[in-house]
Structure formats: structure tokens, C-alpha cells
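1. how would this look folded up:
(2 chains)
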Amino acid sequence: MNKILKSGLAAIAVIVLGGRPAWAKLKVCASLPDLADIAQVVGGDQVDVVSLTNGAQDPHFVPAKPSLMRAVRDADVYVAVGLELEVGWLPVVLQGSRNPKIQPGAPGFVDASQGVEVLEKPTGTVDRAEGDVHPMGNPHFYTDPENLKVVADQLAGKFSELDPAHAEAFRANAKEFDGRIDKAMEGWEAKLAPFKGRGVVTYHKNLIYFTKRFGLTDFGYVENRPGIPPSARHLAELAQKMREAKVGVVLYQPYHDAEDCQRLAKEAGGTALLFPTEAGGVAAVTDIFSHFDYMVDSLAKALAENNGN
Amino acid sequence: MRLRFHFLLFLGAVVSALCAPALRADAPPSLQSNLMNPLISLNALFLGEASPDRAKTSYSPDSLSPGFFTKGSGPHDSLQLQEAELSVQSVVDSNFKLNANLTFANDGVSPEEVFATTTSLPEVQVKVGKFKSNFGKLGNIHLHMFPFILPALAYENTIGGEGFNGQGAEASWMTPLPWFLELTGGGFTGKNSADSQALDISGARRDDFAYVAHAKNFFDLGGDATLELGASALSGHTNVGETQRVTGFDLTVKDSPPQNVAGHNWIFQNEWLQKLTGTVKQQGGWYSSLQYRLGFAWWVGARTERTFRIPGDAYSATGTLDSGGNALYAATAGDERRHTLELAWAPGEFTEIRLDASYGDVRANGDTTPDRRILFQFNHTIGTHPAHNF
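-> Predicted structure coming up:
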């Protein structure tokens, strides 16, 4: 029988009996652009990747639109951040997608936080009197480049499991990614080394992994409590503390109230800096490396300009 | 000798007991843990209502609306428990998920919804149990998620203020078309489980079932705007064998910018419903509403509603024909209308306090009367509540 006809019949058999044809790319969806970028790097030509959010959206509060369900409908893999970051929308999207392959616990579901050293795991009683707390720990681990290596290795394992024919390529891509991160870290650490120990104010508690990695400290938060916008009194008190401690940099994301941050920075005699924690948050940031380049360069510049006020 | 032997045995037992490690109350449960406990949440609604006109709703003339109680000679404005909803959900196994919503009100406890949903079927989702059917935009949402405090008049006069709640099965399919189109079809025992007299579906025959169908189209319009277009149909039999049908159309446009703090979201929502019994067009109605987010925690809203062809008498639970085969209802005028303004404070996803002022003319006990109300509602949720549909 003709080779082409045999292949065609084999493909039909595979499709009819279930399963992805060997030549088909893995369809990967991810909650964040950064995770999508890692998936693309690790998967290479063997994956088609889509991020459900762009960097301008607060990942806590993404509208669970039916169009997101449709986007995930045919995915082979879903990469979630985990640690309940997406608890307000992702369960509805996944269930509505009617895709059994990527439901939590299914072979195609990836919790990217697995294997990461999670910071700020609450101890004792947790309740919402403290605001929108994350009871499983701080989920913004993706702001530490070292954690992205853990994610890359996890994705290499998952892709290899689902597409064993290309396992070697996936592992090689992940290793190359890890190497690129290590090399880039030398530059990033060097740029922020002069500012070790300096404090920064962030809008939300979403940069603790970043500040810890680069030797900075979280001096305070624009929010009274997580998820609750600041009161005028809180901003005034924070500005006073910033002036006394000579902390002059306020970092915020595109989905936060820039006016509050700029007013705070002005009262503290400092600078408010748009600081995207997700790739795509500003036009110049298109992938992981340009993302961290942007964050490191802009922060180093701001810290230098506000050197002890 | 024997006595000494028994004594030594007894002593040995006492000594052994004293030496054995005691079973501590705080010993880790190696045989069983609570890690697989379901997600549990409780929502509570407290409603206050004040009206110079009357305390009885048009669709339930013998019941006082929540927020009133009788004191002395007549209804008394007050704040009362409207409803508390205990929600429990969990994965059963790799194939099913189970949801249960139990409602607690002043008149008792009832299982509002208890249903299983498939999780392993590709493209199709099947629901089995007791649940709010997928009819209309408001038909399958819970009381605490209603966009305004009072149910829409169009629903009250056709399918029931809280939608069609039945016991049966429903399947939904997301089509492979280039836009989101979800088709739903369900069959229910021919009896409306909700405490509503708007539907006369009684299912007297052995093979009587009520059927519900729904089509939902969803489009991203660009930016953060979205459009939803839906069509719904319900068909059942009254206890005298007449076919009763309800059809509905809904259109919703939303704009939800990504900034959760400063975004000025708005929702423009409209529905039209019509009920027919046999070939007689009966009650129907429409509403149009606009909700606008002023800032982080503040929303304002306005809704205008109209219903038409309301029968002159109170609803009959026995169908639309009397024993002589004569129509009980006449296609008379007697429209109802209502306008509502709302101010809401929602500092997060778990608390909402809102104030509604409504004015209109409604029918109750055969008369059209003015209906002016001020309503005040506290809405609080604790625990892990499932995210709501968009």
C-alpha cells in the first residue's frame, strides 16, 4: 500500500481512537506571558503557546470570559501559576473549557509553583481581616529568575511525558534556558549590587521574590492590606516614614492606581516607577529576558537617582 | 495461691497500663486526614425594606416580601435575614464534580441545588440533579449575585423570579465555531421546584417532562468590551395538558478594563421573555439595565422594566382552563412597570452593601397599585466560594 496512504490511515486511526498525532505540536496555554514564554523556549518548534493574560492585567482579577474557555478548549497543556493566584477565575475557565486533558490533576495540567521555594507561607489562623491574603504562600515567585529555571525544568519533564519523541530536545532547551538565565543573572546582579540593602516601596506584596534575590528590601506597601486601596492617612504615614528612612522609590504595575503612587513618591521626595511584574506590561517587554532587563535597568536608574534623597 | 495469682495478674495489668504510652488527643491522624474536605462557603443576605404602599409582592400575593414582618395591625418595615446559602463543592473522582447549595431562610432550609457535573467528557458537560436550568441571563445565577436587589419583573411573571429550578439533566456543548457558541439542552421532571406560581408546569402525565434549551454567543469586541447574545426556550405541560412555553432573548454588553483599581467598568444588560399557554400569549416582559463602576468600590445602576398582558386575577395553580374548558385568563391590559436606581459599595469580592430605590405600578390581588420601595441589603461571603460566571 502506498506510504502516504498508510500514514494517512494511521493518522485517522490515531485521531479516531484518541490521542494526538505524532507530528502535531503540543498546544500549550498559560496563565501569564512569562510562563508562556518559558513554555515556548522549552518547547521550541514542537509547541504552540498562548497566554490567557497580557502584562497589563492584574493576574488576581482576570475576567473569566467565555472566550478564554474557548482558547483553552483544545489545549494539551495548561500552565498555571498556582498558590491560588488564579483562584478567582481559572477554575471557571478550565471547567467551562470542557477539556478533560487540562483539568487540575489531569496529565496536561501544570502547577508551575511545584518545586519552587515558596515565601511567606502563613502560619496560624488566616482570614480576610488581613485583606486578600494568599493562604498557600506568596504566589509571585516568577519575579525571581532562579525560580524560572525550576519552571523550565518542570515543563521539560511535562512536555517529555506528553511527547516522548522530542524529550531530548525539550531537556536540551530547558538546559540552555537555565544557562542563559545564569549568564544574564551575572549582569543583573552586577547592576543592582551597588544598591544592596536599599529599601523600595511596592504597591502590592508581589516583588518579595525579586527584592530578596537582588538583596533589596521591601520597605512598605502602598496598599493598606493586600487587595485594599490605600487610605489618605496610610499614604501620609508611609510618606513620612519614607522621608525619615530616605527611601525614595515606589514601584507599581500597569493595573494599579498610578496617581496614588505618584502622589506618594512626590510627598516622599522620590520617584514612582512603572514596574511590570508580568511580561507585556510595557511595550518594551516582550519576553523573559527583556522583562528582567527592563526591571533591573529601570530600578537601578531610579535607585541611583534617589540615592539617599 | 489462686488469689495471689489473680492479684499479680491484676497488678501486672495496672503496671502495663501505666507504662504504655497514652493515646494523646493531639496525635497526628495517620489513618485519616481532612485534606480532602470539600470547599465550603457561606453567603448571607440581610434585607431591609420600607414602603409606604404595600408589603406584598405581585407574584406571591399571600406572602410578605423579605424585609417585612407583621406587627400589630399590619406590615412593619424592618431588616431581616433574606437568605443564607451554604455552598459545598468538591471533585468526586476523575470523572465527576459535586456541588450543593443549601439555602436557609426564615421559613426553613431547602436544597436549592445539588448536582453532579462531568469533568472527563471532551467538549460536552453533563449536569444531573437539582439545579437552576440554563435559561436566560439571570435564570441560573444565585440570589446574592442578582444585579439588583429585586428579581426582574419579566422573570417573576414568566419563569419565576429565580428562574426555572428543576430536577433532571442538562448537557452543554461548546461548538467548534470560530466564536464562543454554547448550546444547552435539558430535560426536567415536569414540576417547577422553585416556589413560584409563574409557571403552571405540573406534569400530571407519566411521561410529562419540561425541556429547556439555550444558546449563548459571546464575542470579544476589541479592547476590553464584550458582547453576549442569548436565546432560551422552555416547554412543559400544565396539569390539564396544555403546552406552556417560555421564550427569551438576552443581550449584554460589558466593558471591563484590566485595571482593577481605577477602571470604570460598565454593564449594559437587556432581556425579553414571553410565556404562551396553548396558543394564548400570556405574561411577558422585558428589562434594560445599566451598571457603572464609579471607582474601586462604588457602583451605580439603573433599571427600567415592563411586563404585559398580566391576567386580572391572581394566578391559578391549576392551569389556564377551568373545568369547563374555559380560559381563566383574559388577554387584558394590566401592564406592570418599575424603575430602579441603585447605589452599591463593594470593597472586595466578599462584601456588598447596596441601596435600591424602586418606583412603579404592579398588579396584586387584581389591582394595579403604585409600588414605591427603598431596599437595603447586606451581602457577605465567607469561606471558599466558587468563582461566578462572567
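2. mind checking the SS state of the closest residue to chain A within the stretch 1-150 of chain B?
-> In the stretch 1-150 of chain B, the residue that lies nearest chain A is B:Ser120 (4.5 Å; C-beta to the nearest C-beta). Where you see a C-beta, it was placed from the backbone N, CA and C, and this is true even at glycine. Judged by DSSP: H, G, I helix; E, B strand; the rest coil, the three-state class of B:Ser120 is coil.
3. from memory it sits against B:Val92, does it?
-> No. B:Ser120 sits out of contact with B:Val92 when judged by C-beta atoms under 8 Å, with a separation of 11.0 Å.
4. Please identify the helix or strand for A:Ala184.
-> Secondary structure from DSSP states H and E places A:Ala184 in helix A:167-192.
5. Next SSE downstream of that helix?
-> strand A:199-202.
6. Could you measure from A:Lys191 over to A:Val200?
-> 15 Å (C-beta to C-beta, to the nearest Å).
7. So for these two, which residue has more residues nearby?
-> A:Val200 (25 against 17; other C-beta atoms under 10 Å in any protein chain shown).
8. circling back: need the residues touching each of B:Ser120 and B:Val92.
-> With contacts defined as C-beta atoms under 8 Å, 6 or more residues apart in numbering or on different chains, no residue is shared by B:Ser120 and B:Val92.
9. Going by neighbour count, which residues in the helix holding A:Ala184 are buried?
-> A:169-171, A:173-174, A:177-178, A:180-181, A:184-185, A:188, A:191-192 (16 or more other C-beta atoms under 10 Å in any protein chain shown).
10. Can you find the helix or strand of the chain with the lowest average pLDDT?
-> No chain specified, so I'll use chain A. Ranked by mean pLDDT, DSSP states H and E, the weakest helix or strand in chain A is helix A:3-17, scoring a mean of 52.
11. Wait, chain B was what I had in mind.
-> strand B:68-71 (a mean of 46).
12. just the CA coordinates of whatever helix or strand comes next after that strand, formatted as PDB?
-> Using DSSP H and E, the helix or strand that follows strand B:68-71 towards the C-terminus is strand B:74-91. The C-alpha atoms that make up strand B:74-91 are tabulated as PDB, following Å, rounded to 0.1, in the frame of the first residue of the first chain:
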ATOM      1  CA  GLY B  74     -50.000  45.500  59.500                       C
ATOM      2  CA  PRO B  75     -46.600  45.100  57.800                       C
ATOM      3  CA  HIS B  76     -43.700  46.700  59.500                       C
ATOM      4  CA  ASP B  77     -40.500  47.900  57.900                       C
ATOM      5  CA  SER B  78     -37.500  46.000  59.100                       C
ATOM      6  CA  LEU B  79     -34.200  44.400  58.400                       C
ATOM      7  CA  GLN B  80     -34.300  40.600  58.300                       C
ATOM      8  CA  LEU B  81     -32.400  37.600  57.100                       C
ATOM      9  CA  GLN B  82     -33.300  37.300  53.500                       C
ATOM     10  CA  GLU B  83     -31.400  34.100  52.800                       C
ATOM     11  CA  ALA B  84     -28.200  32.300  53.800                       C
ATOM     12  CA  GLU B  85     -26.600  30.000  51.300                       C
ATOM     13  CA  LEU B  86     -24.200  27.200  52.300                       C
ATOM     14  CA  SER B  87     -22.200  26.100  49.300                       C
ATOM     15  CA  VAL B  88     -20.200  22.900  49.200                       C
ATOM     16  CA  GLN B  89     -18.300  21.600  46.300                       C
ATOM     17  CA  SER B  90     -15.600  19.100  45.500                       C
ATOM     18  CA  VAL B  91     -14.200  16.700  43.000                       C
END
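13. Downstream of strand B:74-91, the next helix or strand is which one?
-> Next helix or strand after strand B:74-91 toward the C-terminus (DSSP H and E): strand B:96-105.
14. Which strands and helices lie in contact with that next one?
-> strand B:74-91, strand B:108-118 (3 or more C-beta pairs under 8 Å, 6 or more residues apart in numbering or on different chains; DSSP states H and E).
15. Name the nearest of the buried residues of helix A:167-192 relative to chain B.
-> Nearest member of those to chain B, counting by C-beta to the nearest C-beta, is A:Phe170, at 25.5 Å.
16. these two touch, right, that closest one and A:Asp45?
-> No. In terms of C-beta under 8 Å, A:Phe170 does not count as a neighbour of A:Asp45; the distance is 11.1 Å.
17. between these two, what contacts are shared?
-> Between them, A:Phe170 and A:Asp45 share no contacting residue, judged by C-beta under 8 Å, 6+ apart.
18. so where do the helices sit in the stretch 101-250 of chain B?
-> B:153-156 (DSSP state H, counting those that start in this stretch).
19. can you list the residues of it near chain A?
-> B:117, B:119-125, B:172-174, B:179-180, B:182, B:216, B:218-220, B:226, B:228 (C-beta under 8 Å from any C-beta of the partner chain).
20. Out of those, which sit inside strands?
-> Judged by DSSP state E, those include B:117, B:124-125, B:172-174, B:180, B:182, B:216, B:218-220, B:226, B:228 as members of strands.
21. Filter those down to just the buried residues.
-> For those, a burial check counting by 16+ other C-beta under 10 Å picks out B:117, B:125, B:172-174, B:180, B:182, B:216, B:218-220, B:226, B:228.
22. A:Asn54 contacts A:Val282, correct?
-> No. A:Asn54 is beyond contact range of A:Val282, at 11.0 Å (criterion: C-beta under 8 Å).
23. Compare these two and say which is more crowded by neighbours.
-> A:Val282 (18 against 15).
24. how many other residues sit next to B:Gly108?
-> 7.
25. How about B:Leu355?
-> B:Leu355, neighbours per other C-beta under 10 Å, totals 15.
26. any idea how far chain A is from it?
-> 22 Å (C-beta to the nearest C-beta, to the nearest Å).
27. check contacts around that residue.
-> Applying C-beta under 8 Å, 6+ apart, one finds that B:Leu355 lies in contact with B:Glu342, B:Leu343, B:Ala344, B:Ile374, B:Leu375, B:Phe376.
28. backbone phi and psi for the second one, please?
-> So that's B:Leu343. Dihedral angles of B:Leu343 (phi, psi; degrees, to the nearest 10) stand at phi -130, psi 130.
29. and it, how many neighbours?
-> Neighbour count of B:Leu343, defined by other C-beta under 10 Å: 14.
30. same deal with the third one?
-> Using other C-beta under 10 Å, B:Ala344 has 22 neighbouring residues.
31. picking that back up, rank the helices and strands packed on strand B:96-105 by pLDDT, which is bottom?
-> Of all the helices and strands packed on strand B:96-105, strand B:74-91 carries the lowest average pLDDT, namely a mean of 82.
32. in it, what's buried?
-> B:Pro75, B:Asp77, B:Gln80, B:Gln82, B:Glu83, B:Ala84, B:Glu85, B:Leu86, B:Ser87, B:Val88, B:Gln89, B:Val91.
33. In contact with B:Arg338, which residues are there?
-> B:Leu150, B:Leu153, B:Arg303, B:Thr304, B:Glu305, B:Ser358, B:Tyr359, B:Gly360, B:Asp361, B:Val362, B:Asp371.
34. List the beta-bridge partners for the fifth one.
-> The one in question is B:Glu305. Going by DSSP bridges, B:Glu305 is paired in beta bridges with B:Tyr287, B:Arg338.
35. how far away is it from B:Gln269?
-> In terms of C-beta to C-beta, B:Glu305 sits 12 Å off from B:Gln269.
36. Who has more neighbours out of the two?
-> When B:Glu305 and B:Gln269 are compared on other C-beta under 10 Å, the one with more neighbours turns out to be B:Glu305, at 24 against 21.
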